[in-house]
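J.: coordinates only, sequence not included:
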């Protein structure tokens, strides 16, 4: 019943670090429709394990559909075993996209951690030609979480890396870099673990910097039908799949999420 | 080949529909041509006043299924009638509106609002959502089931479909009560009350603490319930519970269901209803069954 559901062939599926994989999918018919920040909803195979589709941020949509993914559970474990020539049933592109920075913006800061970096390659593909100073702050748990960010350097980003255990880059979290960055005429994009986005929001609100965050949530349908991926915002519950995944950073209401009111 | 089925005076072009809360008509995504082929469309449950829904996480994947606790998030009856109904009517498929309420009075006002709206084929009474803060569900008490259906039948001329809960000792008793009260059909079954625990945090994985299990995991239990009820009541049954493909749907029809509703499968494969209808047709062709009525409840014993 969905217009944008299709089966595509895998071009390559490579390991980029211990926990991360990069897959290229021959999805020519949708490449031009894709906007940075959107996602695709992938049926890994025809079995009941995993039962649901898996939503993935679109890493890049240039010559093929690229997804950067982290091995987290049954779905991604199975996806990592897929080979060139195998097919994937994909719905997408879905969701909204990152907006262009407001007029007058000079400094763009991307704050991201782990696999949250995924949607920003597509974004910087567009922003690199527009005379912004782009800084990418990347945080990982340990060295497994740090892989080549060369494509971001090619996209004219200044890259700063931190790890929780200090094994690569600066020891600590990405917010350590905040004091060294120019936040004048600035705009922030962020995606990653919720505690990180929460910190970024706090910093942005305090310093009156506007920005956008891309959220991750467990999804069933991915198209706004099941209402399963609701997240609390200052305007009430919004669906990550349909109203998001990109939200105005200051509108997110983290304190309300995940709290059990009933018992 | 005759695929037509009847519920009371209502005629449906075929037995395939969608379960409430699993189908949402979105212009930018939906293919109207395919929706038009369905026997009926069942909209997500509405309440008289808007409900915010449950805190996240609202869904957890489980073995061959999922547990959900959405909490009937909806913007209320007036919003539905003004905004959603005109769009759903345009689909040109018989529309079943699912309703729920905390108390009888509220339910009656809601039904009366729907009486005035045009383009509704039937009302499904959701007496069995496990994710609201009731101590017992209406559908867990045969007297309450009787009382509520009787009151709603008095308030409307629209056919009433009672959606029952599988979380009962004997669903047949509740089904009989619903039939006696005048229900025109039964929807069997809603989700199974369920929990999923995060062992690291020792907390529930569901924002609402508990939820309802759906998907193929519940199918064999749902088939048995449909079979048991079909042996006892005369009103038609709309079956749901883990239907993923035509074979699953046929099991329910052979067990005694007149219609089958595709639910959770929509989330995984949005083309499931279309494929299921095509599969039922090819099964009938292969087995030289000219009329679906010959198939309904055709299970052989011994």
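T.: Nice, I can see it. Note that the structure is predicted; figures quoted are calculated from it, not measured.
J.: and the residue nearest to residue B:94 when sequence neighbours are not counted, how far is that from chain A?
T.: Nearest residue to residue B:94 in three dimensions, chain neighbours excluded: residue B:121, at 3.9 Å (CB to CB, 6 or more residues apart in numbering or on different chains). No exception for glycine: its C-beta is placed from N, CA and C like everyone else's. Distance check for residue B:121 against chain A: by CB to the nearest CB, to the nearest Å, it reads 19 Å.
J.: and for residue B:121, the neighbour number?
T.: Each residue near residue B:121 was counted by other CB atoms under 10 Å in any protein chain shown, and the total is 18.
J.: from memory it sits against residue B:40, does it?
T.: Yes: the pair residue B:121 and residue B:40 qualifies as a contact (CB atoms under 8 Å) at a distance of 6.8 Å.
J.: quick check: longest helix in chain A by residues?
T.: With secondary structure taken from DSSP state H, chain A has its longest helix at helix A:194-206.
J.: near chain B, anything from it?
T.: No: Helix A:194-206 lies apart from chain B when judged by CB under 8 Å from any CB of the partner chain; the minimum separation is 10.9 Å.
J.: what comes up buried for that helix?
T.: Along helix A:194-206, the positions that meet the burial threshold by neighbour count (16 or more other CB atoms under 10 Å in any protein chain shown) are A:194, A:196-201, A:203-204.
J.: which neighbours do residue B:121 and residue B:40 have in common?
T.: B:94-96 (CB atoms under 8 Å, 6 or more residues apart in numbering or on different chains).
J.: ranking those residues by neighbours, who comes first?
T.: These, ranked by neighbours (other CB under 10 Å): first place residue B:96, 27 neighbours.
J.: and that residue, how far is that from residue A:205?
T.: Residue B:96 is 46 Å from residue A:205, where distance means CB to CB, to the nearest Å.
J.: what lies in contact with the longest strand seen in chain A?
T.: Looking across chain A with DSSP state E, the single longest strand is strand A:5-15. Residues lying outside strand A:5-15 but in contact with it, judged by CB under 8 Å, 6+ apart, are A:21-27, A:29-30, A:64-65, A:79-80, A:82-91, B:270-271.
J.: next one: stretch B:86-96
T.: Residues from elsewhere that reach stretch B:86-96 (CB under 8 Å, 6+ apart): B:10, B:12, B:17, B:20, B:25, B:27, B:32, B:35-36, B:38-43, B:85, B:118-124, B:161.
J.: try it again with 10 Å
T.: Where contact means CB atoms under 10 Å, 6 or more residues apart in numbering or on different chains, the residues beyond stretch B:86-96 that reach it are B:7, B:10-13, B:17-18, B:20, B:25-27, B:30, B:32, B:35-43, B:80, B:85, B:97, B:117-124, B:158-159, B:161, B:185, B:187, B:238, B:261.
J.: return the subset of the residues you listed lying in strands.
T.: Assignment to strands by DSSP E places the following of the contacts of stretch B:86-96 there: B:7, B:10-12, B:17-18, B:41-42, B:97, B:122-124, B:161, B:185, B:187, B:238, B:261.
J.: put the buried members of those residues into a PyMOL selection.
T.: For selection in PyMOL, the members of the ones in strands among the contacts of stretch B:86-96 meeting the burial criterion (16+ other CB under 10 Å) are listed in this command:
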select buried, chain B and resi 7+10+12+17+18+41+42+97+122+123+124+161+185+187+238+261
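J.: dump the residue contacts of residue 21.
T.: If you meant another chain, say so; for now it's chain A. With contacts defined as CB under 10 Å, 6+ apart, residue A:21 is in contact with A:13-15, A:67-71, A:76, A:79-80, A:82.
J.: let's do chain B instead
T.: Counting by CB under 10 Å, 6+ apart, residue B:21 makes contact with A:225-227, B:42-45, B:68, B:70, B:72-74, B:98, B:126, B:129, B:190-191, B:214, B:263-264, B:266.
J.: helices and strands around the longest helix of chain A, which ones?
T.: In this structure, helix A:194-206 makes packing contacts with strand A:107-113, strand A:133-140, strand A:186-191, strand A:210-214, judged by 3 or more CB pairs under 10 Å, 6 or more residues apart in numbering or on different chains; DSSP states H and E.
J.: how about the strands in the stretch 151-263 of chain A?
T.: If you assign secondary structure with DSSP state E, counting those that start in this stretch, the strands in the stretch 151-263 of chain A sit at A:157-163, A:170-171, A:186-191, A:210-214, A:230-233, A:236-239, A:246-248.
J.: who does the helix or strand of chain B with the lowest mean pLDDT touch, helix- and strand-wise?
T.: For chain B, scoring each helix and strand by mean pLDDT, DSSP states H and E identifies helix B:32-35 as the least confident one, at a mean of 82. Taking 3+ CB pairs under 10 Å, 6+ apart as contact, the helices and strands that helix B:32-35 lies on are helix B:272-286.
J.: briefly note if the helix it packs on comes near chain A.
T.: Yes: in terms of CB under 10 Å from any CB of the partner chain, part of helix B:272-286 sits within range of chain A, namely B:272-274.
J.: name the residues of that helix that are buried.
T.: When neighbours are counted by 16+ other CB under 10 Å, the buried residues of helix B:272-286 are found to be B:272-277, B:279-280, B:283-284.
J.: tally of neighbours for residue B:150?
T.: 16.
J.: my bad, should have said residue B:192
T.: When neighbours are counted by other CB under 10 Å, residue B:192 registers 20.
J.: could you check how far the closest residue in space to it that isn't next to it in sequence is from chain A?
T.: In this structure, residue B:192 finds its nearest non-sequential neighbour in residue B:213, 4.4 Å apart by CB to CB, 6+ apart. Between residue B:213 and chain A the distance is 12 Å, computed by CB to the nearest CB.
J.: OK, contacts around residue B:213?
T.: B:60, B:62, B:64-68, B:130, B:166, B:191-196, B:221, B:241-242, B:264.
J.: repeat the analysis, applying 6 Å as the threshold.
T.: B:65, B:67, B:191-192, B:194 (CB atoms under 6 Å, 6 or more residues apart in numbering or on different chains).
J.: which SS class is it?
T.: Local secondary structure at residue B:213 is given as strand here, using DSSP: H, G, I helix; E, B strand; the rest coil.
J.: next one: residue A:78
T.: Classified using three-state DSSP, residue A:78 is helix.
J.: now stretch B:31-45: how far from the chain's centre is it?
T.: Computed by CA atoms, centre = their mean, to the nearest Å, the chain-centroid distance of stretch B:31-45 equals 13 Å.
J.: in that stretch, what's buried?
T.: Applying a neighbour-count criterion of 16+ other CB under 10 Å, the buried positions in stretch B:31-45 are B:31, B:34-35, B:37-45.
J.: flag whichever of those residues scores worst on pLDDT.
T.: When those are compared on pLDDT, residue B:31 comes out lowest, with 77.
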